[in-house]
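Asks: Here you go, sequence then predicted model.
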Amino acid sequence: MQRFTRQLSDEELMALALRLGRRGQGNTAENPAVGCVIARQDVDGTTILGRGWTQTGGRPHAERVALAEAGVAARGATAYVTLEPCSHHGKSPPCAEALIEAGIARVVAAHPDPDPRVGGRGFAMLEAVGIQTETGLLESIAHRDLAGFLSRTVRRRPWLQAKMALSKDGKIGMPNVPNHPITGKLAKNKTYALRATADAILIGSQTVRIDDPALTVRSPGLTQHSPIRIILDGAGTLSHDSQLVKSARDVPVWILATGRIAADKALLLEEAGCRLFLFDESPSGHVPLDAAMRRLAGEGINTLFAECGAALAAALISVDLIDEFFLYRSGSCVGPDGIPAFKTSADQVMKQAGLHRERQESLGKDRMEVYIRPQSLSDLYGAPSDWAPVE
């Protein structure tokens, strides 16, 4: 319980709920990362009675965590929640029921839930017993925060973030030189933070072959937030001696391959703890990316963070799958023998891909530019009628 000697506005309390919701990003399985604040206003100020966010694995939900903290004091209070309270019986009872049972008088939600099992039913349950409901407060911020869940629900594919580091002369490294440094320590720590908020990381088999990465989160306080590691490996070339395979029982490793993978190799990878997904080859002989994204959505992946080499970036751009692009720019050069990131300038590639620069951030001597596809955000309203949830 926290007491303020002035009345906090609805916007301030919802902003707090949004900040709480971000604590769960990347760790709530197929569920949305929601935040909730239970508060009471009086003439002398505001009392925050309970705070909550969706817990690891997706349960308990944010509303139940906040209500548990508030206890009997929740009766007659206001709940600020970043997504419409759920109304269906799944692996836990509806949060709308919990709010009713607690005696909440008013519910303010930032964003409606497009899940057809909810889709306004949460509000309807609350209103049926006289609880005042409001929605749309700071909705555009919640829309960004919940983009992964909304994408999987509405488009049946993950929200795909791409990351690439470029030298000043547009290179991403040297041929067959593992882990050629492009950016510095601050950029690396930023990448760890981005990994920690994703459900899974995606890389290509060539990056594994050259760099042998671990793809874990190694920042203090975040080491338990390493996401699922996914490798696009159409022909099944992943080495059993790679860091990824050796650590597959500690941090999950999924391999997206085609029928070209040898049966004995597939068996060895599975015995090492890897999970194998097989696809029919695309006309070019690779894993079909659209089908792969649909399969990952079916497995509950909300946000997918692609750490791109040149080939993976080109492939994802060619089929318009990138929703958000984190482009790191270094002030140093690699030289004429380096591997070019793109055939043309990065600015031109972003423009042609429909990605617009939204913001930039200084990371010591490096700079990170964040590009967004506006069409992706506008596509995240309204689930299709034949949508099927992950159970």
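Replies: Thanks, I have it. Numbers count the residues shown, from 1 in each chain.
Asks: so where do the helices sit in the protein?
Replies: Taking DSSP state H to define them, one finds helices in the chain at 10-22, 62-70, 95-102, 121-128, 139-145, 147-154, 185-196, 205-211, 243-246, 263-271, 289-298, 310-318, 346-352, 374-378.
Asks: quick one: contacts of the third one?
Replies: The contact list for helix 95-102, computed with Cβ atoms under 8 Å, 6 or more residues apart in numbering, reads 61-64, 67, 70, 74-75, 79, 85-87, 107, 121-122, 125-126, 129, 131. Glycine gets a C-beta too; all of them are placed from N, C-alpha and C.
Asks: Let's see that with 7 Å instead.
Replies: Outside helix 95-102, the residues that touch it by Cβ atoms under 7 Å, 6 or more residues apart in numbering are 61, 63-64, 67, 74-75, 79, 85-87, 107, 122, 125-126, 129, 131.
Asks: The fifth one now?
Replies: Applying Cβ under 7 Å, 6+ apart, the set of residues contacting helix 139-145 from outside is Leu18, Gly21, Arg22, Thr82, Leu83, Ala110, His111, Leu377, Leu380.
Asks: redo that, cut-off 8 Å
Replies: For helix 139-145, the surrounding residues in contact (Cβ under 8 Å, 6+ apart) are 15, 18, 21-22, 25, 33, 82-83, 110-111, 150, 377, 380.
Asks: And the residues you listed, which of them are buried?
Replies: Taking 16 or more other Cβ atoms under 10 Å as the criterion, what is buried in the contacts of helix 139-145 is Ala15, Leu18, Gly21, Gln25, Ala33, Thr82, Leu83, Ala110, His111, Leu150, Leu377, Leu380.
Asks: Quick check: buried residues in stretch 165-184?
Replies: Ala165, Leu166, Ser167, Gly170, Lys171, Ile172, Gly173, His180, Ile182, Thr183, Gly184.
Asks: about what we covered before: so which of the buried ones among the contacts of helix 139-145 is the closest to Glu271?
Replies: Gln25 (32.8 Å; Cβ to Cβ).
Asks: Check the gap between the residue lying closest to that closest one once chain neighbours are set aside and Gly26 for me.
Replies: Nearest residue to Gln25, sequence neighbours excluded (Cβ to Cβ, 6 or more residues apart in numbering): Thr197, at 4.1 Å. Noted for Thr197: a distance of 4 Å to Gly26, by Cβ to Cβ, to the nearest Å.
Asks: can you pull out the strands in the stretch 201-350 of the chain?
Replies: With DSSP state E, counting those that start in this stretch as the criterion, the stretch 201-350 of the chain has strands at 228-232, 253-258, 275-279, 303-307, 324-329.
Asks: Most tightly packed of the ones you listed?
Replies: strand 303-307 (a mean of 26; mean count of other Cβ atoms under 10 Å).
Asks: before we move on, back to that, Produce a ChimeraX select command limited to the buried residues of the contacts of helix 95-102.
Replies: Here is the ChimeraX command that selects the buried residues among these (16+ other Cβ under 10 Å):
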select :61,63,64,67,74,79,85,86,87,107,122,125,126,131
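Asks: can you pull the buried residues of stretch 25-34?
Replies: Quick answer for stretch 25-34 (16+ other Cβ under 10 Å): Gln25, Gly26, Asn27, Thr28, Glu30, Asn31, Pro32, Ala33, Val34.
Asks: Likewise for stretch 201-218?
Replies: Using 16+ other Cβ under 10 Å as the test for burial, stretch 201-218 gives 201-205, 207-208, 210-211, 213, 215-217.
Asks: Please state the offset of stretch 40-58 from the chain centre?
Replies: Centroid separation for stretch 40-58 versus its chain: 24 Å, with Cα atoms, centre = their mean, to the nearest Å.
Asks: actually stretch 235-251, not the one I typed
Replies: That offset, for stretch 235-251, works out to 23 Å (Cα atoms, centre = their mean).
Asks: Need the contact partners of that stretch.
Replies: Stretch 235-251 is contacted from outside by 205, 208-209, 212-216, 226, 228-229, 231, 253, 255, 257-258, 260-262, 265-266, 268-269, 272-274, using Cβ under 8 Å, 6+ apart.
Asks: Specify the beta-bridge partners of the most centrally placed residue in the chain.
Replies: In the chain, the residue lying closest to the centroid (Cα atoms, centre = their mean) is Thr303, at 2.9 Å. With beta bridges defined as DSSP bridges, Thr303 has these partners: Trp159.
Asks: My read is that it contacts Arg157, right?
Replies: No: if you go by Cβ atoms under 8 Å, Thr303 and Arg157 don't touch, sitting 11.0 Å apart.
Asks: what is in contact with the two at once?
Replies: With Cβ under 8 Å, 6+ apart as the test, Thr303 and Arg157 both reach Ser151.
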